[in-house]
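In: Make a model of this:
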Amino acid sequence: MKKNFLKLKQIEEALKSHIFSLNTQFYDKRAYLLFSRTNAQLKEMFEIM
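Out: The predicted model follows:
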């Protein structure tokens, strides 16, 4: 149970920084790359859970 909670915390943090970078660099190509990389990481995290 605790392990899943920590995973959720990681996902929450990932989403927070993800959304922040989208807001600050929306038209930046790097933000787009970050976006697709973060999506892949989130998918992996959910598959692990």
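
In: going forward, measure contacts between C-alpha atoms and count neighbours the same way
Out: Will do.

In: where does the chain have low pLDDT?
Out: 1, 20-32, 48-49 (pLDDT under 70).

In: where exactly do the helices run in it?
Out: In the chain, the segments counted as helices under DSSP state H are 2-24, 29-48.

In: relative to helix 2-24, how tilted is the last one?
Out: Just to be clear, that refers to helix 29-48. Counting by axes from the mean of the first three to the mean of the last three C-alpha atoms, to 10 degrees, helix 29-48 lies at 160 degrees to helix 2-24.

In: Reformat the helices of the chain as TSV; add mean neighbour count.
Out: Shown next, in TSV, are the helices of the chain (neighbours: other C-alpha atoms under 10 Å):
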stretch	mean neighbour count
helix 2-24	13
helix 29-48	13
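
In: Wait, Ile11 touches Leu42, no?
Out: Yes - Ile11 is within contact range of Leu42, at 6.8 Å (criterion: C-alpha atoms under 8 Å).

In: Now do the contacts for Cys42.
Out: Actually, residue 42 is Leu. It isn't Cys. If you count contacts by C-alpha atoms under 8 Å, 6 or more residues apart in numbering, Leu42 has them with Ile11.

In: Check the gap between it and Asn4 for me.
Out: Distance of Leu42 to Asn4, given as C-alpha to C-alpha, to the nearest Å: 14 Å.

In: Equivalent analysis for Met45, please.
Out: Distance, Met45 to Asn4, using C-alpha to C-alpha: 10 Å.

In: My read is that Cys14 contacts Arg37, right?
Out: Careful, residue 14 is Ala; it's not Cys. No - in this structure Ala14 lies outside contact range of Arg37 using C-alpha under 8 Å: 11.0 Å.

In: Noted, bye for now.
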